[in-house]
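A.B. asks: Structure, please.
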Amino acid sequence: MPKSTAFARIRAEVIRLVARIPVGRFTTYGSIAVHMNCNPRHVAQTLSRLTEEEARDLPWHRVVAADARISQSMDSELAAKQKRLLEAEGMKVNEKGYIADSDDHFHVVGIRRDIRWKDAH
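C.D. replies: Predicted coordinates:
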C-alpha cells in the first residue's frame, strides 16, 4: 500500500505511462523518472510491487535499465521472462540482457513535467 498521497500518485502515473509503451518498443526507468520529475528507483519500486493482475495486464517488461539492459538486480527467473517477452515483440536481447539496435526500439516518454510530488493533493 502506498505510504502517502504523493507515492499513490507516483504509482498511478508510472502505471499510466508504462501502459502507453507500444508493442516492440521499450523505455527506461530513468526516462520515465525524468518525465515524472522523480527518482528512477520510485519507478523500479512501483514495477517490482505490481499485483499479479497488474503484472499480467501491464507491459512492465518494456521498461529496462538506462543502458538498454534488463536490470541486473532482477530475479533471474523474472529477467528470463522479461527477455522472452521482449523477444516475442521483435527485439533482440543478447545473453547479457542488452537490447540490440536499441535506438530503433526506444520509446520516448516525453519532456520533463514540472511536478512537485510532495505538494500533490
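A.B. asks: Every contact and neighbour count from this point should use C-alpha atoms.
C.D. replies: OK.
A.B. asks: For the residue positioned nearest the centre of the chain, which residues are in contact?
C.D. replies: Geometric centre of the chain, nearest residue: V63, 3.2 Å, by C-alpha atoms, centre = their mean. Under the criterion of C-alpha atoms under 8 Å, 6 or more residues apart in numbering, the contact list for V63 reads 18, 26-29.
A.B. asks: Make TSV out of those residues and add pLDDT.
C.D. replies: Listed next are the contacts of V63 as TSV, based on pLDDT from 0 to 100:
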residue	pLDDT
V18	98
F26	98
T27	97
T28	97
Y29	97
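A.B. asks: So which of these belong to strands?
C.D. replies: Counting by DSSP state E, the contacts of V63 place 27-28 in strands.
A.B. asks: Dump the contacts of V63 into JSON lines; add neighbour count and distance to E77 as well.
C.D. replies: Output for the contacts of V63, formatted as JSON lines (neighbours: other C-alpha atoms under 10 Å; distance: C-alpha to C-alpha, whole Å):
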{"residue": "V18", "neighbour count": "22", "distance to E77": "21"}
{"residue": "F26", "neighbour count": "26", "distance to E77": "20"}
{"residue": "T27", "neighbour count": "23", "distance to E77": "21"}
{"residue": "T28", "neighbour count": "24", "distance to E77": "20"}
{"residue": "Y29", "neighbour count": "23", "distance to E77": "20"}
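A.B. asks: Backbone dihedrals for the residue nearest to the centre of the chain, both of them.
C.D. replies: With angles defined as degrees, to the nearest 10, V63 sits at phi -120, psi 120.
A.B. asks: Then V23?
C.D. replies: The phi/psi pair for V23 (degrees, to the nearest 10) reads phi -60, psi 140.
A.B. asks: And for it, the neighbour number?
C.D. replies: 15 (other C-alpha atoms under 10 Å).
A.B. asks: For the residue nearest to the centre of the chain, report the pLDDT, please.
C.D. replies: Per-residue pLDDT puts V63 at 98.
A.B. asks: The longest helix that the chain contains: which residues count as buried?
C.D. replies: Counting residues, the longest helix found in the chain (DSSP state H) is helix 5-19. Within helix 5-19, the residues scored as buried using 16 or more other C-alpha atoms under 10 Å are 6-8, 10-11, 13-15, 18.
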